[in-house]
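Participant: pasted the sequence and its predicted model underneath.
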Amino acid sequence: MVDKKAQMKIQQTAFVLMAITLFFVLIGIFILVIRFSGLKESATELQEKNAMLLATKLANSPEFSCGEAFGNKKINCVDADKVMMLKENINKYSGFWDVENIEIIKIYPKLENEIICTFENYPECNLISLRSSENSGFSESNFVSLCRKTLINGKISDKCELAKIIVSYKKLQ
């Protein structure tokens, strides 16, 4: 004869163990949800910080910087002639910067209308767009000197203007 009280105690113990296990699993899931809830926001903040750092570093990168072409080595100096040549070969740099948009906007001297730079109208323009995308999320910018070589009174001279370099990243979904 089987003792029914002992069987009942074993079943109760099994149910209690299952309930305790389920309770701890639910607590674990709750902790994971709380811990990873800010992951998307922190990733977006990290992208914004990267955009700001890239905007400040881009002007001093070899693809953009004036180097010593305009006398002394200048900081935050962008060679407009280099950038125009880079604009033609931008496909070779497709994954290099991993950004949605890079633009250089001439601020001073100010032109009345926004004129996108091409080889036909350069240097009488005020917007050099290297990578252009409609779905860019947020932008960071930095002020730079936009320098180029120009012919003034029959002599080749340096001409520098105030500009802003803008880097845009795609916002995370």
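Facilitator: Everything's here; your move.

Participant: flag every buried residue along the helix or strand bottoming out on mean pLDDT in the chain.
Facilitator: Here the helix or strand of the chain ranked lowest by mean pLDDT, DSSP states H and E is helix 39-58, holding a mean of 80. By neighbour count on 16 or more other C-beta atoms under 10 Å, the buried set for helix 39-58 is 47-48, 51-52, 54-56, 58. Using the backbone N, CA and C atoms, a C-beta is placed for each residue, glycine as well.

Participant: likewise for stretch 56-66?
Facilitator: Buried residues in stretch 56-66, counted by 16+ other C-beta under 10 Å: 56, 58-60, 63-66.

Participant: can you check stretch 155-173 too?
Facilitator: For stretch 155-173, by 16+ other C-beta under 10 Å, it's 160-161, 163, 165-169.

Participant: chain center to that stretch: distance?
Facilitator: 14 Å (C-alpha atoms, centre = their mean, to the nearest Å).

Participant: cool, and stretch 50-66?
Facilitator: 11 Å.

Participant: just the terminal-to-terminal distance for it.
Facilitator: 23 Å (C-alpha to C-alpha, to the nearest Å).

Participant: cool, stretch 129-143 as well?
Facilitator: Termini of stretch 129-143 sit 16 Å apart (C-alpha to C-alpha).

Participant: could you list the domains of the protein?
Facilitator: Using automatic domain parsing, the domains assigned to the chain come out as 1-37, 41-169.

Participant: just to revisit the earlier point, show me the buried residues of stretch 155-173 that map onto strands.
Facilitator: Mapping the buried residues of stretch 155-173 onto strands (DSSP state E) picks out 160-161, 163, 165-169.

Participant: how about the nearest residue to the residue nearest the centre of the chain, chain neighbours excluded?
Facilitator: Among the residues of the chain, the one closest to the centroid is residue 51, at 3.4 Å (C-alpha atoms, centre = their mean). Excluding its sequence neighbours, the residue lying closest to residue 51 (C-beta to C-beta, 6 or more residues apart in numbering) is residue 140, at 4.1 Å.

Participant: can you count the residues close to the one you found?
Facilitator: For residue 140, the neighbour count with other C-beta atoms under 10 Å is 20.

Participant: I figured it hits residue 47, correct?
Facilitator: No. At 9.9 Å, residue 140 and residue 47 do not qualify as touching, with contact defined as C-beta atoms under 8 Å.

Participant: scan the chain for its longest helix.
Facilitator: In the chain, ranked by residue count with DSSP state H as the criterion, the top helix is helix 4-36.

Participant: buried residues, that helix. List them.
Facilitator: Under 16+ other C-beta under 10 Å, helix 4-36 has no buried positions.
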